[in-house]
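Enquirer: can you look at this prediction? I've put the sequence above it.
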Amino acid sequence: MKREFSRVKRLVIKIGTSSLVLPDGKINLEKIDHLAFVISNLQTKGFEPILVSSGAMGFGLNVLEMNKRPHDLAKQQAVSSVGQVAMMGLYAQIFSHYQTQVSQVLLTRDVVEYPESLANVTNAFDSLLEMGIVPIVNENDAVSVDEMDHATKFGDNDRLSAIVAEIVNADLLIMLSDIDGLYDKNPTIYDDAVLRTHVSEITEEILKSAGGAGSKFGTGGMMSKIQSAQMVFERDGQMILMNGKNPRDILRVLEGQVIGTFFKQDK
Ligand code: ADP
């Protein structure tokens with residue numbers, strides 16, 4: 001299937017902690033700068049970009065000079081709460097360098113599950129985009145926990161990005177990962193794994209290639225990306241899974257270059 005993005009206007013870009021924080025715990029300033037440049041550039045070209053960014057915990061550990069995440073849940077929430085401010089502060093600073101205004105939208109699952117609050121969130125996104133502001137979205141880690149009767153957690157930001165794409169009715173969801181796309185088997189284990197350039201259906205085989213339930217990657221990892229793709233398919237949307245190592249590739253993708261894995265159903 002040909003990749004045709006000329007009608008794409010509203011797009012959600014998801015970036016994960018591993019792309020923003022270096023293995024030694026330092027902040028990847030170069031990556032954030034490139035990302036801010038690309039998103040600002042998209043906006044100048046008439047796109048309506050929305051960034052879904054993880055990283056609150058990583059930034060918090062960095063600011064508080066802690067070398068590993070605390071075991072205690074309340075402490076984790078405290079660290080994330082510190083980190084979210086640091087992360088947004090840096091985004092605001094770097095985006096302003098490219099004359100782009102950003103805003104912070106923190107979500108919890110309960111908010112998008114109740115029709116009234118969902119309508120408020122939708123209106124807020126619409127207003128921000130109308131005003132030419134780039135919303136930067138994250139889960140509200142400081143308050144979201146897994147509870148049986150009042151679930152506030154999304155699970156992970158792959159899922160959150162698919163939900164945001166649904167809320168804003170995005171034309172395209174771009175997921176930036178630490179890998180070039182979806183392979184026919186885990187490329188970190190198998191040298192002969194082959195990159196899939198197009199996925200039109202979430203088959204058993206695709207689920208198996210992503211790790212399958214019960215394996216190391218049964219939750220999070222590639223499986224959560226596949227589940228997000230399924231959500232995108234359910235509303236007849238499209239998604240690109242690509243490596244986030246060079247954010248400028250986003251511009252190339254939108255020009256139609258075959259980079260990463262393109263998820264779109266055949267008609
Ligand atoms: P990120 O946090 O960068 O989004 P994840 O760790 O969540 O990345 O998911 C990407 C990882 O999923 C890859 O680095 C790889 O180890 C693993 N993986 C498992 N199966 C596959 C597959 N079939 N194709 C690509 N990656 C896979």
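Expert: All right, it came through fine. Numbering: from 1, shown residues only.
Enquirer: which positions in the stretch 101-250 of the chain make contact with the ligand?
Expert: Within the stretch 101-250 of the chain, the positions near the ligand by C-beta under 6 Å from any ligand atom are 177-179, 182-183, 185-188, 209-211, 217, 220-222. All C-beta atoms are positioned from the backbone trio N, CA, C, and that covers glycine.
Enquirer: return the members of the residues you listed classed as buried.
Expert: By neighbour count, with 16 or more other C-beta atoms under 10 Å, these hold 177, 179, 182-183, 186-187, 209-211, 217, 220-222 as buried.
Enquirer: shaky segments in this protein?
Expert: Applying pLDDT under 70 to the chain picks out residues 1, 147-150, 212-220.
Enquirer: apply 90 and report the result again.
Expert: Scanning the chain for pLDDT under 90 picks out 1-4, 18, 73, 110, 141-156, 188-189, 208, 210-221, 266-267.
Enquirer: as a quick check, tell me the outermost residue of it.
Expert: Distance from the centre of the chain peaks at residue 192, with 27.8 Å (C-alpha atoms, centre = their mean).
Enquirer: could you measure that residue against the ligand, distance?
Expert: For residue 192, the distance to the ligand (C-beta to the nearest ligand atom, to the nearest Å) stands at 12 Å.
Enquirer: which residues of the stretch 51-200 of the chain fall in helices?
Expert: 56-63, 73-97, 109-113, 115-130, 157-167 (DSSP state H, counting those that start in this stretch).
Enquirer: return the backbone torsion pair for residue 18.
Expert: For residue 18, the backbone dihedrals (degrees, to the nearest 10) come out as phi -60, psi -20.
Enquirer: counting neighbours, what do you get for the closest residue to residue 158 other than its chain neighbours?
Expert: The shortest distance from residue 158 to any non-neighbouring residue, by C-beta to C-beta, 6 or more residues apart in numbering, is to residue 224 (4.2 Å). Neighbourhood size, residue 224 [other C-beta atoms under 10 Å]: 21.
Enquirer: same check, this time on residue 49
Expert: Neighbours around residue 49, by other C-beta under 10 Å: 23.
Enquirer: ok, it to the ligand distance?
Expert: Taken as C-beta to the nearest ligand atom, the span from residue 49 to the ligand is 18 Å.
Enquirer: contact partners for that residue?
Expert: 11, 12, 13, 39, 42, 43, 134 (C-beta atoms under 8 Å, 6 or more residues apart in numbering).
Enquirer: what do you get if the cut-off is 7 Å, keeping everything else the same?
Expert: Neighbouring residues of residue 49 by C-beta atoms under 7 Å, 6 or more residues apart in numbering: 11, 13, 39, 42, 43, 134.
Enquirer: report the buried residues of the helix or strand where the fourth one lies.
Expert: Translated: residue 42. With elements taken from DSSP states H and E, the one containing residue 42 is helix 29-44. Using 16+ other C-beta under 10 Å as the test for burial, helix 29-44 gives 31-43.
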